[in-house]
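Participant: How does the following fold in three dimensions:
(4 chains, ligands or ions: 4)
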Amino acid sequence: MRTRRKNGQQTVAYHQRLEKSDLIEIYRRLWFARLFDEMLYDAKKKGRLRRGNVYGSRGQEAIMVGTTYPLRPDDFVSPIHRDMPVFVFRGMTVEQVMCQVWGKAEAPTRGKDSWSHMGDMNLGIVHSTSMLGSTIAVACGVLWAQRLDGRRDRVLVAYTGEGATATGPFHEGVNFAAVHKLPLIVVVENNQYAYSTPVELEVPTKTVAERAKGYGIPGYSIDGNDFNAVYDTMCEALAHARAGNGPVLIECVTYRLQGHADHDETRARQYRPVEEIELWEKRDPLPRYREYLLNTGLFEESELPTPPLDIKLQIEQAIAYAINSPDPEPHTALEDIYDESAGVSL
Amino acid sequence: MRTRRKNGQQTVAYHQRLEKSDLIEIYRRLWFARLFDEMLYDAKKKGRLRRGNVYGSRGQEAIMVGTTYPLRPDDFVSPIHRDMPVFVFRGMTVEQVMCQVWGKAEAPTRGKDSWSHMGDMNLGIVHSTSMLGSTIAVACGVLWAQRLDGRRDRVLVAYTGEGATATGPFHEGVNFAAVHKLPLIVVVENNQYAYSTPVELEVPTKTVAERAKGYGIPGYSIDGNDFNAVYDTMCEALAHARAGNGPVLIECVTYRLQGHADHDETRARQYRPVEEIELWEKRDPLPRYREYLLNTGLFEESELPTPPLDIKLQIEQAIAYAINSPDPEPHTALEDIYDESAGVSL
Amino acid sequence: MREVTFLEAIRLALWEEMERDPNVFLIGEDIGRMGGAFGVTEGFLARFGADRVVDAPISETAIIAVCVGAAAAGKRGVAEMQFMDFISYGFDQVVNVAGTYLYRSGGKTPIPIVVRGPSGGYVGGSLYHSQQFEAWFFHTPGVKVVQPAFPDDAYGLMKASIRDNNPVVFYEHKYLYRRIKGPIPEAHEDYIVKLGSARVRRYGEDITVVTYGAMVHFALDAAQRLEKEGISLEVIDLRTIKPLDMKTILESVRKTSKVLIVYEAPKTGGVGAEISARIAEQAFEWLDAPIMRVAAKDAFVPFAEPLEKYVLPSVDDIVFAARELAAY
Amino acid sequence: MREVTFLEAIRLALWEEMERDPNVFLIGEDIGRMGGAFGVTEGFLARFGADRVVDAPISETAIIAVCVGAAAAGKRGVAEMQFMDFISYGFDQVVNVAGTYLYRSGGKTPIPIVVRGPSGGYVGGSLYHSQQFEAWFFHTPGVKVVQPAFPDDAYGLMKASIRDNNPVVFYEHKYLYRRIKGPIPEAHEDYIVKLGSARVRRYGEDITVVTYGAMVHFALDAAQRLEKEGISLEVIDLRTIKPLDMKTILESVRKTSKVLIVYEAPKTGGVGAEISARIAEQAFEWLDAPIMRVAAKDAFVPFAEPLEKYVLPSVDDIVFAARELAAY
Ligand SMILES: Cc1ncc(C[n+]2csc(CCOP(=O)(O)OP(=O)(O)O)c2C)c(N)n1
Ligand SMILES: Cc1ncc(C[n+]2csc(CCOP(=O)(O)OP(=O)(O)O)c2C)c(N)n1
Ligand SMILES: [Mg+2]
Ligand SMILES: [Mg+2]
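Facilitator: Ligands and ions are numbered 1, 2, ... in the order given. Here you go, the predicted structure:
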């Protein structure tokens, strides 16, 4: 297992090759993720959103931005419950995502399923389910299809919590990918807890990255709150996977600053030590990245607003759009169970 | 991962502490396993056994004898399809085992299930099913019961083929055992094939023992055809597990000298190179152990008959016993589906 | 008598069984530190310790398997599925390992385990937090299936399930958890509701309604509405789905000659199909009308409110079907 | 026309679909080098290569998941379960991933996969090599279920299943593999048996027998025996269990007024329960007798011959039940 140093010194510092325009875009994406989370929590609290849970991603933004930023348009991702902003980074509109959250007819699932259980194969976004770990096995199939088409260079980034690495489907999926050297990058968002359960009751090794050793694939354990570390590691992993060397596992060590979901705020301050939460508040990836940007000397303070208000507006508009958008017609509940449109030719 | 040297030189050569009476017993057990296999193949071929498959263990005898010999009477085992002699080593009578093979009323399953799908909790033999890998997870429960009883020193030896290490239940079971430091010893009989599929299509690592790294537990890769290597490793693993240090994985590298089961003899010479089979014939654990015994200088040639005829007779008598033993009454098919004997007290 | 919620009744049954029998232990995700997603096991860790209240990794196969193995070694494990939907990850352990164990052991090794958890819809839980697929286990031998509708039954059936020597899949409808209140007996009484005994929750003359789980409450509501129209429903709460109490059903059918079976699962192949088939086999001559069923449409439980409502059965559905039967 | 075994018909359908459509691929344990435990895919690896004939690790979840993911990306994967019993390891992939995918994708991502393999008893296969639990998938939305009885249907249904845009669970009764021979059309004909269409395999007057799989042959044997007694059976081979062809069933019931449903699975909660319930709902007035069922006893399929015979339905069972019905 390779462990990157936390101070961000790596073999290749890919992040130093980024243009100023990239840096500002990254900064904005970090904020997009932050505001997306904040504003949905707020909508839920205020009763604007009345159905479904909001699974927070506060504190985990650097992972989502860092793992998607170096992707090619034709790569695949499979985001799960804490990765809502990834849908937007990979091409869904904020309106689509909000329609999904509000269960509207225009949502990618047409209101059938909730929250992150959506996808769009045209955008390379693979649909996941609630069943933790299962999409990692499905990912192998998406990559198998690429192999059949002679496209061994398209990578799939599969997200998972550290807790879900204990599931059977995680094992079967990673094992299959490793046997067949599929370009699968498993991003483990180790936020230290699975719901209330601490990582040491889920994972027997010191780092989650060590799971990689059992499959003979590279495993990284990195500071997931450091955008540059995530970005650099991801670039390295992409090169590895695209070259046909098989899967990579990247453990991004981070912390779930909130409860498991919006209903869990009170309890989450009981089953976790408050000092621990406070400690991690200080490691917030956003101020950290802002400081890095200022240290580059490329930016004035005023170029890095906290928050960028236009993003807030964009999200608010999308929320309003979703709220005003029509509910699905009841009878559509029976549509899309079977597809009789094609398939059987006579 | 610790790899023992194939010449049998280990940190502690436990096998050198064995008494002459042990050596002769081990020799006889190796032969028991060999003859058990040979005679059942013969019975099947000659039509004396008409129902069910015979899964051969020829070539894998040193593993079964070496992993059971150092056990305490109160330890547990969960043998699977290639481990039939283990049932006898752990206390079932040969007659019982043969009744099971012939599906007789006296069999531990009363004729309900076939072959190795039996057990006896009084003997510490945990019942397995066809579902490969699943008993490893069940084993955790048997050990959990010991923990509840304050018996953390009883070890459970779970057998598995290398192919079955790809299953989800294997992962969930070993992960659970590792998280809770249960005294589970997973013996992987790596006979190079899962049915027709070579190990490199099942396991991505160079050795199967490397799977242990993913759980942070000791993993050994040893010569499974060398009784002394198996025995010594097992002794070391037992000390580790009994001391509360958690599970151990032992990969015993061996070879399935026959087909997957008795019906597979012809094909197994097609999907595997004949030279490979011939090579492994030369590594037969039985002559090897005999040579070792002769080299100790403790034995005359005549003390080590090939085969010991009394064992043959014992097996033949057990076969005859089973054949003459009554079939289960048809209506008993509906017994033992539910147990209403106890449980609900009012 | 104590007046408690449905959830509290289950909690108390678990607690009292843990107190009574040191062989009973609990395992599941987040059941210890947090007391379970719905709080059913709140306070258990502090009282019984981490060996008897096990916060397991996310691995439903292992969770059920630990109960199975421990049962083979004399313990009585109760596995919580955080949502019953996740039982599909431990499916093989239930049907092929737990359910068959006694059979494979020649009758020597009973597997007293309970797999319990919240099931059912009507709360916007969407596809994977609303399932009600008890028919899978109903069809598979070796496993008992329980689903109570009232606190007293939840209490007595949980105790019976833990003491029963067989694997029991115990469905707790999450819609009832905090909505339904009722009396249960005082603590430490050996209050047991025998598995396999249905209960007539309302006596009536015209139509026998056979149902279980949350639908019992819907049926009782419908009965009340129909009373005003002069249609009298007899409502049978199965309580245990397997073993199925055909005796109580047939007695009622003999009286009413008309049957309406109500269940929340997709209609096709649900438990109600078997009940209908058995009545058609065993009570054909007593019937004055077709055997009717009200159930979910053959779809998944969707997220958006208008969709969920469309798919799941309602009190109206029961009322309409009963009217049709009454008029037959 | 070619005269082939049941197994050969399936082999040819797979082969011809592989030749026709480069998007079709196969995955399973030992299907390549060895050609499958029963030889269904013998010769495929040499012809189509290791990317399209994948020898997978022992991981039924991954095997089915690979088909699901590949289907989402436009391919048509056919997964072999070495024995259908092992589908319980991939159960979640079938019911919660494949079956729901189209729904979750708002109708955009169909999942054309086939999960196929040998099922059923009568060969001494014991608990884990004899299962016939099609009712699980019958009950769960989003998945089609097929089980042919004759080579021509096996051939046409396999082609239809591969071309269908939905997940199909395809049961191949191992007892029929080499025992049953029959004609199938010449190669490269687009011979398709539409999913959801039953077939009357024998016309008769007195009793409608609804059945599928190996039981079709038992029913035909019974019909022949009963003919001599003057009892005339009409035998409907469902071929597809879901979608269920109620039209063909009801037409026959209208004619005979007596129904016997025969299936190999445990009786309680089997597919036949739903058929009975639908008839009771939709054709109550046409019935002259109770709807009867012949099925396996509610047990596992045991190993020893006298036990297996006792549990599984027999031709005699059908004959006795039909006599009873005829006399009613
Ligand atoms: C198979 C399965 N079991 C249980 C759950 C319920 N559940 C939802 S999220 C969660 C915790 C996940 O922890 P982790 O994988 O660490 O991801 P995190 O939520 O911390 O990002 C659990 C137990 C589930 N969705 N799927
Ligand atoms: C879950 C499951 N899938 C498939 C099978 C069919 N099967 C029986 S033995 C076997 C090969 C096992 O290989 P391995 O684990 O290496 O053990 P070996 O037979 O080589 O000792 C297979 C695929 C099974 N029993 N269980
Ligand atoms: Mg986590
Ligand atoms: Mg092997």
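
Participant: Which part of chain A gets nearest to chain D, residue-wise?
Facilitator: Residue nearest to chain D within chain A: residue A:141 (2.2 Å; Cβ to the nearest Cβ). Where you see a C-beta, it was placed from the backbone N, CA and C, and this is true even at glycine.

Participant: Name the SS class of that residue, please.
Facilitator: helix (DSSP: H, G, I helix; E, B strand; the rest coil).

Participant: What is the burial count for it?
Facilitator: Using other Cβ atoms under 10 Å in any protein chain shown, residue A:141 has 32 neighbouring residues.

Participant: Please name the nearest non-neighbouring residue to it.
Facilitator: residue D:69 (2.2 Å; Cβ to Cβ, 6 or more residues apart in numbering or on different chains).

Participant: what do you get for residue C:73?
Facilitator: residue B:145 (3.5 Å).

Participant: For the one you found, what is the enclosing helix or strand?
Facilitator: helix B:134-148 (DSSP states H and E).

Participant: Likewise for residue A:252?
Facilitator: Assigned by DSSP H and E, residue A:252 falls in strand A:248-253.

Participant: what's the next secondary structure element after that strand?
Facilitator: Next element after strand A:248-253 (DSSP H and E): helix A:265-268.

Participant: do that next one and ligand 3 meet?
Facilitator: No: contact of helix A:265-268 with ligand 3 (Cβ under 5 Å from the ion) is absent, the minimum separation being 12.1 Å.

Participant: For the stretch 51-200 of chain A, which residue gets nearest to ligand 3?
Facilitator: residue A:161 (3.7 Å; Cβ to the ion).

Participant: Check chain C too.
Facilitator: Proximity of chain C to ligand 3 (Cβ to the ion) peaks at residue C:58, 9.4 Å away.

Participant: Mind checking what secondary structure residue 70 has?
Facilitator: As the question left the chain open, I've gone with chain A. coil.

Participant: other chain: chain C
Facilitator: Once three-state DSSP is applied, residue C:70 turns out helix.

Participant: Just to check, it is in contact with residue B:149?
Facilitator: No: the criterion here is Cβ atoms under 8 Å, and residue C:70 misses it with residue B:149 at 10.3 Å.

Participant: And those two? Which one has more around it.
Facilitator: residue C:70 (28 against 14).

Participant: so what's the more buried one up against?
Facilitator: Shown in contact with residue C:70 (Cβ atoms under 8 Å, 6 or more residues apart in numbering or on different chains): B:141-142, B:144-145, B:148, C:25, C:76-77.

Participant: For stretch A:254-273, give me every contacting residue.
Facilitator: So stretch A:254-273 is contacted by A:41, A:44-45, A:53-56, A:58-60, A:62-63, A:82, A:189-193, A:195-196, A:224-225, A:276-277, A:280-281, A:283-285, C:33-34 (Cβ under 8 Å, 6+ apart).

Participant: Pull out the buried members of the residues you listed.
Facilitator: A:41, A:44, A:53-56, A:58-60, A:62-63, A:82, A:189-193, A:195-196, A:224-225, A:277, A:280, A:283-285, C:33-34 (16 or more other Cβ atoms under 10 Å in any protein chain shown).

Participant: you'd agree the residue of chain A closest to chain D is up against residue D:77?
Facilitator: Yes: in this structure residue A:141 lies within contact range of residue D:77 using Cβ under 8 Å: 7.0 Å.

Participant: what do those two both touch?
Facilitator: Joint contacts of residue A:141 and residue D:77 (Cβ under 8 Å, 6+ apart) are D:66-68, D:70-71.

Participant: check contacts around residue C:125.
Facilitator: With Cβ under 8 Å, 6+ apart, residue C:125 has these contacts: C:83, C:174, C:301.

Participant: Give the closest residue to the second one in space, chain neighbours not counted.
Facilitator: This points to residue C:174. residue C:118 (3.8 Å).

Participant: Is the one you found located within a helix, as I assumed?
Facilitator: No: Residue C:118 is assigned strand when assessed by three-state DSSP, not a helix.

Participant: most neighbours, which of the contacts of residue C:125?
Facilitator: residue C:301 (30 neighbours).

Participant: Check for me that that one belongs to a strand.
Facilitator: No: counting by three-state DSSP, residue C:301 is not found in a strand; it is coil.

Participant: Tell me who's in contact with it.
Facilitator: C:121, C:125-127, C:130-131, C:308, C:311-312.

Participant: Try it again at 6 Å.
Facilitator: Listed by Cβ atoms under 6 Å, 6 or more residues apart in numbering or on different chains, the contact set of residue C:301 reads C:121, C:130.

Participant: List the buried residues of the helix holding residue B:145.
Facilitator: Buried residues in helix B:134-148 (16+ other Cβ under 10 Å): B:134-148.

Participant: ok, the residues you listed vs ligand 2, which is closest?
Facilitator: residue B:134 (7.5 Å; Cβ to the nearest ligand atom).

Participant: Just the pLDDT for that closest one.
Facilitator: pLDDT recorded at residue B:134 is 97.

Participant: pretty sure it is touching residue B:169, no?
Facilitator: Yes: taking Cβ atoms under 6 Å as the definition, residue B:134 is a contact partner of residue B:169 at 4.6 Å.

Participant: Now do the shared contacts for those two.
Facilitator: Common neighbours of residue B:134 and residue B:169 (Cβ under 6 Å, 6+ apart) do not exist.

Participant: Would you list the phi and psi of residue C:322?
Facilitator: Per-residue torsions, residue C:322: phi -70, psi -40 (degrees, to the nearest 10).

Participant: Against residue C:206, how distant is it?
Facilitator: Distance of residue C:322 to residue C:206, computed by Cβ to Cβ, to the nearest Å: 8 Å.

Participant: okay, the two: which has more neighbours?
Facilitator: residue C:322 (27 against 17).

Participant: and stretch C:116-124, how far from the chain's centre?
Facilitator: Distance, stretch centre to chain centre, for stretch C:116-124: 11 Å (Cα atoms, centre = their mean, to the nearest Å).

Participant: got the contact list for it?
Facilitator: A:51, C:38, C:80-81, C:83-84, C:130, C:132, C:170-175, C:214, C:264, C:301, C:312.

Participant: what sits against residue C:201?
Facilitator: Here residue C:201 is in contact with C:235, C:237 (criterion: Cβ under 6 Å, 6+ apart).

Participant: Relative to chain D, how far out is it?
Facilitator: 23 Å (Cβ to the nearest Cβ, to the nearest Å).

Participant: so is that residue in a helix, a strand, or just coil?
Facilitator: Under three-state DSSP, residue C:201 comes out as strand.

Participant: pLDDT score assigned to the residue of the stretch 201-328 of chain C found nearest chain A?
Facilitator: Across the stretch 201-328 of chain C, the shortest distance to chain A (Cβ to the nearest Cβ) belongs to residue C:304, at 3.4 Å. As predicted, residue C:304 sits at a pLDDT of 98.

Participant: Likewise for residue A:9?
Facilitator: 48.

Participant: What ranges does the stretch 201-328 of chain C have for its helices?
Facilitator: C:214-227, C:246-256, C:271-282, C:305-311, C:315-327 (DSSP state H, counting those that start in this stretch).

Participant: Find the residue closest to residue A:39 in space, skipping its chain neighbours.
Facilitator: Using Cβ to Cβ, 6+ apart, the nearest residue to residue A:39 is residue A:315, at 5.2 Å.

Participant: how much space between the one you found and ligand 2?
Facilitator: From residue A:315 across to ligand 2, the span is 47 Å (Cβ to the nearest ligand atom, to the nearest Å).

Participant: what do you get for residue C:54?
Facilitator: 26 Å.

Participant: Could you look up the SS state of that residue?
Facilitator: strand.

Participant: hmm, back to that, just name the closest of the contacts of residue C:125 to residue A:297, please.
Facilitator: residue C:83 (51.9 Å; Cβ to Cβ).
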